[in-house]
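[1] Whatever this is, show me its structure:
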Amino acid sequence: MEGGSGGAAPPLSRRCVSFCHTPVSQARHLRAMPYLRALAFVLAMSAAFIFLVPLQALARRCGWALQHWIQTGFCRAICATIGIRVEATGALPTPAPRFVVANHVSWTDIIALASLHPFVFLAKSEVAKWPALGFLARLQGTVFVNRGARGEIPRVNAALRDVLRKGRDLVVFPEGTSSDGTNVLRFNPAHFDALEKYDGEAAIAPVAILYADSEGPIDVGWYGEMTFLPHLWDLMKRGGARCHITFGEPVDLRGKDRKTLAIETETRVRDMLSAARGDQAARRSVPLKYSM
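    Next up is the predicted model:
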């Protein structure tokens, strides 16, 4: 079509780029993203309770493999809605079952790990009381422990051994609390006793968890006097977080008591976390290359 004095109109793709990537449109997009993530989170949780919870309950009761697909798929969706991308390095040792020992940064560690593999988790008893998420944790067979009641440890360790006897892979956080992720806290040896008295074969798999964005390591921890909803909103506003999960070589169990195992895995996880930080620093130091 012939038009006025301005000549031929620019190609549609060029017009879209010049319009969509103006500073004003980018700023509006960034301001809207947390609200879109919050909406997606609400929709995902609602869909889970309407459709997935009944199906998952049936799948677990009948022993269907579908239960594992539901768990990992749901956790991947939740990671996406709150703006966390999970990146894994290494692999779990074979064969199962695996006793996974990881540092603990935030509640998001659980959904990040479960987005990769259908683990069973050991969690503090308060998690069972969380609205919505606590119900889902109970549905997945989470083992709960009252951190302040040492008399419960034998019962909890017996439950952990039952998980391993069923061939399931188990995750424990021996620090016993979450933190800002700067350092690895001392590993409590109490639950390594579950392995000492386990009558089968299992591998200890050390795992290091690090959160970072384009600028380097970040703090996504929920600890101290923080309340959950403001913490969740901060995650959604931040966006762009990457959860780096490093699976290390298995720790040899032979001839070692619970205290020795705790010290060895703590050292291994600390070294892996330090290496992951070094990888992040190296990644930031690589100059960007642009092609014309």
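
[2] what ranges of this protein fall below the confidence cut-off?
    1-30, 284-292 (pLDDT under 70).

[3] For it, which segments are assigned as strands?
    Under the criterion DSSP state E, the chain carries strands at the ranges 84-89, 98-102, 120-124, 143-145, 170-172, 203-213, 216-217, 241-247.

[4] I'd assumed Leu116 was in contact with Ala88.
    Yes. If you go by C-beta atoms under 8 Å, Ala88 and Leu116 touch, sitting 5.6 Å apart. Bear in mind the C-beta positions are built from the backbone N, C-alpha and C, glycine included.

[5] what's the closest of the strands of the chain to Asp271?
    Ranking the strands of the chain by distance to Asp271, with C-beta to C-beta as the measure, places strand 203-213 first at 8.4 Å.

[6] how distant is that closest one from the center of its chain?
    Relative to its parent chain, strand 203-213 has a centroid offset of 10 Å by C-alpha atoms, centre = their mean, to the nearest Å.

[7] quick one, that strand and strand 84-89 angle?
    In this structure, strand 203-213 runs at an angle of 130 degrees to strand 84-89, with axes from the mean of the first three to the mean of the last three C-alpha atoms, to 10 degrees as the basis.

[8] tell me what strand 203-213 is packed against?
    Contacts of strand 203-213 with other secondary structure elements, assessed using 3 or more C-beta pairs under 8 Å, 6 or more residues apart in numbering; DSSP states H and E, are made with strand 98-102, helix 108-114, strand 241-247, helix 258-285.

[9] which residues touch Leu139?
    Under the criterion of C-beta atoms under 8 Å, 6 or more residues apart in numbering, the contact partners of Leu139 comprise 53, 56-57, 60.

[10] Could you identify the buried members of those?
    By neighbour count, with 16 or more other C-beta atoms under 10 Å, those hold 53, 56, 60 as buried.

[11] could you dump those to JSON lines with distance to Arg138?
    Rendered in JSON lines, the data for those read as follows (distance: C-beta to C-beta, whole Å):
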{"residue": "Val53", "distance to Arg138": "11"}
{"residue": "Gln56", "distance to Arg138": "11"}
{"residue": "Arg60", "distance to Arg138": "11"}
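
[12] Would you mind measuring from Val171 to Asn157?
    Between Val171 and Asn157 the distance is 15 Å, computed by C-beta to C-beta, to the nearest Å.

[13] again with Ala65
    Ala65 is 28 Å from Asn157, where distance means C-beta to C-beta.

[14] neighbour-wise, which of the two wins?
    Asn157 (23 against 8; other C-beta atoms under 10 Å).

[15] Quick check: closest non-adjacent residue to the more buried one.
    In space, Asn157 comes closest to Ala194 once its chain neighbours are excluded; the distance is 4.0 Å by C-beta to C-beta, 6 or more residues apart in numbering.

[16] Then Gly240?
    Of all residues not flanking Gly240 in the chain, Asp213 sits nearest, at 5.0 Å (C-beta to C-beta, 6+ apart).

[17] mind listing what the one you found touches?
    Asp213 sits next to 238, 240-242 when contact means C-beta under 8 Å, 6+ apart.

[18] thought Ile209 was touching Ala102?
    Yes. A contact is recorded between Ile209 and Ala102 when judged using C-beta under 8 Å, the distance being 5.7 Å.

[19] what's the overlap in contacts for the two?
    Here Ile209 and Ala102 share the contacting residues 109, 113, scored by C-beta under 8 Å, 6+ apart.

[20] Relative to Asp279, how far out is the residue nearest to Gly240?
    Relative to Asp279, Asp213 is positioned 14 Å away (C-beta to C-beta).

[21] what's near enough to touch the residue nearest to the spatial centre of the chain?
    The residue at the geometric middle of the chain, judged as the C-alpha nearest the mean C-alpha position with C-alpha atoms, centre = their mean, is Ala112 (2.1 Å). By C-beta under 8 Å, 6+ apart, the residues touching Ala112 are 75, 79, 84, 86, 209, 243, 245.

[22] Check those residues and tell me the two furthest apart.
    Cys75 and Ile209 (14.4 Å).
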